[in-house]
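Chemist: my questions concern the predicted model and sequence given below.
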2 protein chains.
Amino acid sequence: MSIRVQKLFEAIFTLEDMREIYRGSVPKGLDKSEERAFDEKIAELKAIISELEGDTGTARITKIADSIPIRSREEDFINIQPIQAAGRLTPEARKALAAYGDGYSTCDACRKPFRLDKITKPGIAEFHADLASYVNMDVARVVPGARRGFQAVAQSLVAKGDSVIVSALAHYTEFLAVEGAGGVVREVPLNEKNLVTPEATAVKIEDVIRETGKTPALVMMDHVDYQNANVHDISAIAKVAHQYDIPILYNGAYTVGIMPVDGKALGVDFVVGSGHKSMASVAPSGVLAVSSEWAEKVLNTTAMTGDLTKRKFGIKEVQMLGCTLMGGTLLSMMASFPAVKERTLHWDDEVRRSNYFIDRLLSITGSWVVSEYPRKHTLTKVDTTGSFDTVAKTHKRRGFFLSDELSERGIIGEFAGATRTWKLNTYGLSEKQVHYLADVFIEIAEKYELPIAE
Amino acid sequence: MSIRVQKLFEAIFTLEDMREIYRGSVPKGLDKSEERAFDEKIAELKAIISELEGDTGTARITKIADSIPIRSREEDFINIQPIQAAGRLTPEARKALAAYGDGYSTCDACRKPFRLDKITKPGIAEFHADLASYVNMDVARVVPGARRGFQAVAQSLVAKGDSVIVSALAHYTEFLAVEGAGGVVREVPLNEKNLVTPEATAVKIEDVIRETGKTPALVMMDHVDYQNANVHDISAIAKVAHQYDIPILYNGAYTVGIMPVDGKALGVDFVVGSGHKSMASVAPSGVLAVSSEWAEKVLNTTAMTGDLTKRKFGIKEVQMLGCTLMGGTLLSMMASFPAVKERTLHWDDEVRRSNYFIDRLLSITGSWVVSEYPRKHTLTKVDTTGSFDTVAKTHKRRGFFLSDELSERGIIGEFAGATRTWKLNTYGLSEKQVHYLADVFIEIAEKYELPIAE
């Protein structure tokens, strides 16, 4: 870790120790021994800041709670890990987390009717309305991850034995959500461009109806799939689903929070997004947005009455299990949200930078893109069998030579050891960073004398 | 907010802005404009620290992301809010959160077989083993809140129409979990001491069998109920459940993380705990621990195969939906865990302090305890109808007079406006803090000339 980043962490940690002194005190102020402990911590803090300023010193703290290493991958490196890029926190989210990390921190001003999405201090109710409007749907709820959104919809709509239409590239969490509800996934094949087409979706629906005698209960479709990050024509697929009166869930784990998503224009019934994957939020977090047509069904409130006490908890939503994100997860989503809305407007720049990098990579002869090209997304599957893998074949570190070369130059997040097909994500990199990244790949190629096209 | 606490937050926020400069840079170091921005922030930081030291200055920052107020309830006040006490983070958890707040921060070293509980860097696999051993069960998983533990068990064990035995004081999330699985709750009545007895449980089971012709699918029982925080005899209730071959889920939302829990000694099949309620962790978090007898059933791995691609995701657990807490939530649990284990050993001191406070409150004539007394827990329902409510009756602020008087003295977390029955929690307060708290109540009583017994 660079010494300055180390010192940034140490300063934060020291400040947390100082907060703790206040937490252990009585409201009338610190007593003498607390005051002394505080003074000692201030002295420590000033020493750390002096080291920070001078870019000197050595690590005073290396483990949190004696066992957890400090994570500085985002500060010390450029991280191209496929699923981490758009989930890294904004500074505002980190500040919110410092202030709202405590367990039930959202619940200070919880008043009747006692439900998370009704709380106005902090502005959780307003955030829910903003979220719905952000994806242009009628109602939104926060959920512990996109998968919990899939689960809520599957549990509500899918009965035992029902078929659910998914993509041949459906994420495993869709499989599990359907399985948990007792349903069966039925995959739509891809065309030669690795895309799900509306035609193939219609054929699959027809097949299922013919085979089972029953219309599928749900279509779940990834706008951008996790394998190639290709962009599928959800709008046309939604039309097909609706021709058969099947509701459609839009899996926006790789879209909501980074690119504009308009649920109504797409014609979908449910929009699911991931907080920790694409909304710069703490895990597990996500959003389930619903059209008013389906809100009552999926966000049904409890009808259960205690047989003895006659207790009812009428406002609590069954699939949400009441409140969902009661603290730091939600506040990180909220604090990132203004930046998330803003960055959505600049998606074209992100795609441009993605293509810039890919073009530079493709200039290394033998490199290919498995994903559709030109790229419409920042996540890309590349194939370097004809370039870097030729080096790996004879290198004593095998495929790890590439990881070594990358990490030496401050790049991490590739799948260590993989030199054939692997994924990377340039989301969030600045112009300068993406140039640096591309230069590094060219530099490594040159070092190993791989031919480079001009 | 006290100026020092304000300055602590401002210093943390400034350090987060400085981290962000590193996040936006390239690995070879800061460029000139970044260096300049960094220097400016250092100057700002030093000014803040000088204010911190001098206990002077005014607020430079009041809102996070322009809308979220800084939360300083734990630093500036003594917080007796019933559900927040044992969920407030340890300083180690706050440090872990600073380092691991980013979305998928747990996934840096995720390797085959690609499941959260198998990750060894950081030590997530070891933590899972420690968690199981902490509650003396065979297997443990982290879940997004205790409610998601109830849900996982209910979905696995409860079929449509099945009865589930719960307490007449069951938490609403148990109702919802049962309802979501299609089951029906059947409540065991309380005895005159507001306790669930094994006898009453047996009678209820018999009633259900007689009425429905079917043995209940599950018993879900709160060791400590959320209303009175009375301690119910789970061990005896578990024996009854097992006499009817019914598995029993132990709801430890108010026990796991604060008092010793031995699942095997209690003879239960499932132990569920809450991270944000009782394990000093970020919400939503919790634990589901299972005996080996039931592990295969509740932690079943997926059996779903893609009909077209023949894809299988064999290691993923259906009810967990794969990975559960992929970042800051889990790391806060892990970082707090050594302190949580340690504090569990001192539960008797917590109970003693709880009784100390309650005894002082009871000295104000007309005050009563609704919960069992002497207290066996730090959460207590009190009845001040005969004391503080007599003041509220004629006070122009009504019941809010008590909130006003308390907050003026640095106490918060009571249910604002309530002067009849209300709940409070002394968990985590030091000797000094609990004395201060009791003194405040006596002082307010004296101010309003309420009689006080010696």
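Modeler: That came through, no problem. Please read all numbers here as calculations on a predicted model, not as lab measurements.
Chemist: give me the beta-bridge partners of residue A:64?
Modeler: residue A:68 (DSSP bridges).
Chemist: residue contacts, it?
Modeler: Residue A:64 is in contact with A:13, A:70, B:92, B:95-96, B:99, B:335, counting by CB atoms under 8 Å, 6 or more residues apart in numbering or on different chains. Every C-beta, even on glycine, is put in place using the N, C-alpha and C of the backbone.
Chemist: any figure for the gap between it and residue A:15?
Modeler: Applying CB to CB, to the nearest Å, the value for residue A:64 to residue A:15 is 14 Å.
Chemist: what does residue A:268 give?
Modeler: Residue A:268 is 45 Å from residue A:15, by CB to CB.
Chemist: residue A:401: what secondary structure?
Modeler: helix (DSSP: H, G, I helix; E, B strand; the rest coil).
Chemist: return the residues of the stretch 101-250 of chain A in contact with chain B.
Modeler: A:101-108, A:121-123, A:144-145, A:147-148, A:150-151, A:155, A:168, A:170, A:172-173, A:175-180, A:184-189 (CB under 8 Å from any CB of the partner chain).
Chemist: which of those residues count as buried?
Modeler: A:101-108, A:122, A:144-145, A:147-148, A:150-151, A:155, A:168, A:170, A:172-173, A:175-180, A:184-188 (16 or more other CB atoms under 10 Å in any protein chain shown).
Chemist: which stretches of chain A form strands?
Modeler: A:63-64, A:68-69, A:78-79, A:139-143, A:163-167, A:184-188, A:218-222, A:248-251, A:270-274, A:286-290, A:368-369, A:379-383, A:411-412, A:421-425 (DSSP state E).
Chemist: quick one, which of these gets closest to residue A:4.
Modeler: Ranking these by proximity to residue A:4 (CB to CB) places strand A:78-79 first, at 16.7 Å.
Chemist: show me what that closest one is packed up against.
Modeler: strand A:411-412, helix A:431-447 (3 or more CB pairs under 8 Å, 6 or more residues apart in numbering or on different chains; DSSP states H and E).
Chemist: mean confidence score for it?
Modeler: Mean pLDDT, strand A:78-79: 98.
Chemist: again with stretch A:260-269
Modeler: Rounded mean pLDDT across stretch A:260-269 is 98.
Chemist: show me the contact partners of it.
Modeler: So stretch A:260-269 is contacted by A:134-137, A:223, A:234-235, A:238-239, A:242, A:247-250, A:252, A:255, A:271, A:273, A:289-291, A:293-294, A:344-345, A:347 (CB under 8 Å, 6+ apart).
Chemist: sitting in helices, which of those residues do you find?
Modeler: Members of the contacts of stretch A:260-269 lying in helices (criterion: DSSP state H): A:134, A:234-235, A:238-239, A:242, A:293-294, A:344, A:347.
Chemist: what parts of the stretch 351-454 of chain A come near chain B?
Modeler: A:409-411, A:430, A:432-433, A:436.
Chemist: check the stretch 101-250 of chain A for the residue nearest chain B and tell me.
Modeler: residue A:103 (2.2 Å; CB to the nearest CB).
Chemist: hmm, that residue is touching residue B:286, no?
Modeler: No. Judged on CB atoms under 8 Å, residue A:103 makes no contact with residue B:286 at a distance of 10.7 Å.
Chemist: first-to-last residue distance for stretch A:213-230?
Modeler: End-to-end distance of stretch A:213-230: 32 Å, with CA to CA, to the nearest Å as the criterion.
Chemist: sorry, back to before: for the ones in helices among the contacts of stretch A:260-269, which ChimeraX command selects only the ones that are buried?
Modeler: Here is the ChimeraX selection string for the buried members of these, based on 16+ other CB under 10 Å:
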select /A:134,234,238,239,294,344,347
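Chemist: spatially nearest residue to residue A:279 (excluding sequence neighbours)?
Modeler: residue A:257 (3.6 Å; CB to CB, 6 or more residues apart in numbering or on different chains).
Chemist: need the nearest residue in space to residue A:116, chain neighbours excluded.
Modeler: Per CB to CB, 6+ apart, closest to residue A:116 is residue A:323, 3.9 Å.
Chemist: what about that neighbour, neighbour count?
Modeler: By other CB atoms under 10 Å in any protein chain shown, 26 other residues sit near residue A:323.
Chemist: now do the residue nearest to residue A:150 when sequence neighbours are not counted, the pLDDT please.
Modeler: For residue A:150, ignoring the flanking residues on the chain, the nearest one in space by CB to CB, 6+ apart is residue A:177 at 3.7 Å. You'll see residue A:177 listed with a pLDDT of 98.
Chemist: can you pull the contacts of residue A:177?
Modeler: Per CB under 8 Å, 6+ apart, neighbours of residue A:177: A:147, A:150-151, A:153-154, A:220, B:321.
Chemist: ends of stretch A:259-272, how far apart?
Modeler: 14 Å.
Chemist: how far out from the middle of the chain is it?
Modeler: For stretch A:259-272, the separation from the chain centroid amounts to 18 Å (computed by CA atoms, centre = their mean, to the nearest Å).
Chemist: looking at chain A, which helix is longest?
Modeler: Per DSSP H, chain A has its longest helix at helix A:32-54.
Chemist: mind listing what's buried along that helix?
Modeler: Under 16+ other CB under 10 Å, the buried positions of helix A:32-54 are A:34, A:37-38, A:41-42, A:44-46, A:48-49, A:51-53.
Chemist: same question, stretch A:54-71
Modeler: Quick answer for stretch A:54-71 (16+ other CB under 10 Å): A:57, A:64-65, A:68, A:70-71.
Chemist: got a markdown table for the residues you listed, with pLDDT too?
Modeler: Converted to a markdown table, these look like this (pLDDT from 0 to 100):
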| residue | pLDDT |
| --- | --- |
| A:57 | 97 |
| A:64 | 98 |
| A:65 | 97 |
| A:68 | 98 |
| A:70 | 98 |
| A:71 | 98 |
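Chemist: pull the most distant pair out of those.
Modeler: Most distant of the buried residues of stretch A:54-71, by CB to CB, are A:57 and A:65, 22.5 Å apart.
Chemist: if we can go back for a sec, need the contacts of residue A:177 in TSV with pLDDT and distance to residue B:201, can you?
Modeler: Output for these, formatted as TSV (pLDDT from 0 to 100; distance: CB to CB, whole Å):
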residue	pLDDT	distance to residue B:201
A:147	98	35
A:150	98	37
A:151	98	31
A:153	98	36
A:154	98	34
A:220	98	42
B:321	98	32
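Chemist: contacts made by stretch A:39-46 with the rest, please.
Modeler: By CB under 8 Å, 6+ apart, stretch A:39-46 touches A:11, A:14-15, A:17-18, A:21, B:11, B:49, B:52-53.
Chemist: so which of those is the most crowded?
Modeler: Ranking those using other CB under 10 Å puts residue A:15 first, with 28 neighbours.
Chemist: correct me if wrong: that residue contacts residue B:10.
Modeler: No. Here residue A:15 lies out of contact with residue B:10, judged by CB under 8 Å, at a distance of 9.8 Å.
Chemist: all set, thanks.
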